[in-house]
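Asks: need a structure here:
(4 chains)
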2 protein chains.
Amino acid sequence: MAKTPTRDAVEILHRRVYEGKPARLKNLEEARANEEIARGIHELRTAAALTQTQLARLIGTTASVICRLEDADYEGHSLAMLRRIAGALNQRVEIRFVPNRRSA
Amino acid sequence: MAKTPTRDAVEILHRRVYEGKPARLKNLEEARANEEIARGIHELRTAAALTQTQLARLIGTTASVICRLEDADYEGHSLAMLRRIAGALNQRVEIRFVPNRRSA
DNA sequence: TTGCTCTTTCGCAATGTTGCGAATAAACTG
DNA sequence: CAGTTTATTCGCAACATTGCGAAAGAGCAA
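Replies: Got it, this is the predicted structure:
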């Protein structure tokens, strides 16, 4: 037996992920995730009874930026921004890797 | 009562967050968070019995990038990258805002 | 020691995210 | 209705992250 039969397996897995899953699924999941984040920000802000402009000031930016973040179609969410918002509202961003349903 | 006594409150909160907290605390928390992410990626990869090069191939990048991500001192973690890694390893990235201990 | 695999570090171009003003829309108040 | 506040959209410069190769450092086995 060779020392690394793993190499081929990696390629196979790769094909599974990027071909097996129609890649549209991946996009749908991402879209949903982005939607959730947008909603989360909106809820956090309204729960704190702040306008977009007020929240923007808190984190040192402008209302148009907040608006963009709360747009469900926005795909550019970043950890940095989420943390800024969370920090200003006495929250923190918790990040976990969780196994996918229907794993293998 | 005025309609928006909130404006001043916002400024006050701002000062609390950015001055009250010595700002060093914020950095410490961030550093710890980054460390956790780096460790998480490392664990995920080793648990899958992959080398950095193999994981890199899975997500379409190079080993040096993975190495950078697993460095505890790296401050540039992004949602996009976390998702790519999670996706390749049959996981997903769960993001939540959670209230800070010692809230007000 | 050599040879092999894996990891780490560096630098810079390419890509992606944010900053921000201005203009418009939408919602609410009186 | 006009007037006020809030939310949304657009464009582009500034900044941050990623891509990627090359070179060197560890670690392990023969």
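Asks: and the residue of chain A found nearest DNA strand D, what helix or strand is that in?
Replies: As assessed by Cβ to the nearest atom of the strand, DNA strand D sits closest to A:Ser64 within chain A, at 2.9 Å. For every residue, glycine as well, the C-beta is placed using N, CA and C. In this assignment (DSSP states H and E), A:Ser64 forms part of helix A:63-70.
Asks: which other helices and strands contact that helix?
Replies: Applying 3 or more Cβ pairs under 8 Å, 6 or more residues apart in numbering or on different chains; DSSP states H and E, one finds that helix A:63-70 makes contact with helix A:24-47, helix A:52-58.
Asks: Give the burial count for the residue of chain A closest to DNA strand D, as a bare number.
Replies: Other residues near A:Ser64 come to 11 when the count uses other Cβ atoms under 10 Å in any protein chain shown.
Asks: cool, and the one 5 residues further on?
Replies: The local packing of A:Leu69 (other Cβ under 10 Å) involves 24 other residues.
Asks: and what of A:Ala49?
Replies: Neighbours of A:Ala49 (other Cβ under 10 Å): 10.
Asks: Look at it and give its secondary structure.
Replies: coil (DSSP: H, G, I helix; E, B strand; the rest coil).
Asks: A:Leu89 versus that one, what's the distance?
Replies: The gap separating A:Ala49 from A:Leu89 is 11 Å, by Cβ to Cβ, to the nearest Å.
Asks: can you check A:Thr51 too?
Replies: Distance, A:Thr51 to A:Leu89, by Cβ to Cβ: 14 Å.
Asks: With A:His77 instead?
Replies: 16 Å.
Asks: Please apply the same query to A:Ser64.
Replies: 19 Å.
Asks: Same question for A:Ala47.
Replies: A:Ala47 is 8 Å from A:Leu89, by Cβ to Cβ.
Asks: More neighbours: these two, which one.
Replies: A:Leu89 (23 against 10).
Asks: Check whether the more buried one really touches A:Ile41, as I assumed.
Replies: No: judged on Cβ atoms under 8 Å, A:Leu89 makes no contact with A:Ile41 at a distance of 9.6 Å.
Asks: Mutual contacts of these two, please.
Replies: Residues touching both A:Leu89 and A:Ile41 (Cβ atoms under 8 Å, 6 or more residues apart in numbering or on different chains): none.
Asks: Let me see the contact set for A:Val98.
Replies: Contacts of A:Val98 by Cβ under 8 Å, 6+ apart are B:91-92, B:94.
Asks: And A:Gln91, by the same measure?
Replies: Contact partners of A:Gln91, counting by Cβ under 8 Å, 6+ apart, are A:44, B:97-100.
Asks: Spatially, what comes nearest to A:Ile37 if we skip its sequence neighbours?
Replies: A:His77 (5.1 Å; Cβ to Cβ, 6 or more residues apart in numbering or on different chains).
Asks: On the three-state scheme, the one you found is what?
Replies: Relying on three-state DSSP, one would call A:His77 coil.
Asks: Checking stretch A:55-64 against DNA strand C, do any of its residues make contact.
Replies: Yes: Stretch A:55-64 comes into contact with DNA strand C (Cβ under 7 Å from any atom of the strand), by way of A:60-64.
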